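Participant: Coordinates for the following, if possible.
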Amino acid sequence: MGLSGAKPAATPLEANIKLTSVEYDQANAVVCDNLLKDITAYQRLVGKLLYVKITGLDINYVVQARSQFMQRPKKSHCEAAIRLVRYLKAAPGQGILMSSGYIENLTCWCDSDWAACPNTRRSVTGYVIKFGDSLVSWKTKKIVNRVKELSRSRV
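Facilitator: Residues are numbered from 1 along each chain as shown. Next up is the predicted model:
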């Protein structure tokens, strides 16, 4: 990608960024974000990031969100993927570390962002489980809003 001289980024994505699909832009008359002319570079980059995310909890959701736009990526999608590469440049060698000391506590966190996806209005939820200081499990997932689904089935 020619980013060896790029300035590292402190975070994997910009705060409050909402990437949208081409269909969403057309429905809402957004015209400032153009489709990429050559999508293969974007597809190769996101494909490589899919392998990197296996050991990086901090980039798991970000890579998943970029992979949604593989078929029709826009300039903003490519810029967001490049920012993720710049973030990885700032943190070489980070990954999952397991503690070898005595462990007596299990800690779990969960969070959700209701209707966070502007394209589908689906919610994003996730959890993290740590055994002592060691990360053991995590998951981020888009979920169907049950209230909306139930109201559609009654109509």
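Participant: what about the helices in this structure?
Facilitator: 22-27, 40-52, 57-67, 75-90, 146-154 (DSSP state H).
Participant: From Glu104, how far off is the most centrally placed residue in the chain?
Facilitator: Nearest residue to the geometric centre of the chain (C-alpha atoms, centre = their mean): Val62, 1.8 Å. Note on Val62: its distance to Glu104, by C-beta to C-beta, to the nearest Å, is 33 Å. For glycine as for every other residue, the C-beta is placed from the backbone atoms N, C-alpha and C.
Participant: Find the residue ranges of this structure scoring beneath the pLDDT cut-off.
Facilitator: 1, 54-57, 92-99, 145-155 (pLDDT under 70).
Participant: Not counting sequence-adjacent ones, nearest residue to the residue nearest to the centre of the chain?
Facilitator: Pro12 (4.5 Å; C-beta to C-beta, 6 or more residues apart in numbering).
Participant: residues in contact with that neighbour?
Facilitator: Asp58, Ile59, Val62, Arg83, Leu84, Tyr87 (C-beta atoms under 8 Å, 6 or more residues apart in numbering).
Participant: Which two among the residues you listed are spaced furthest apart?
Facilitator: Within these, Asp58 and Arg83 form the most distant pair, 13.3 Å apart (C-beta to C-beta).
Participant: hang on, the earlier thing: put the buried members of the contacts of Pro12 into a PyMOL selection.
Facilitator: The following PyMOL line selects those of the contacts of Pro12 that are buried, judged by 16 or more other C-beta atoms under 10 Å:
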select buried, resi 59+62+83+84+87
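Participant: separation between the nearest residue to Leu13 once chain neighbours are set aside and Lys53?
Facilitator: Leaving aside its sequence neighbours, Leu13 sits nearest to Val62 (C-beta to C-beta, 6+ apart; 5.1 Å). According to C-beta to C-beta, Val62 stands 8 Å off from Lys53.
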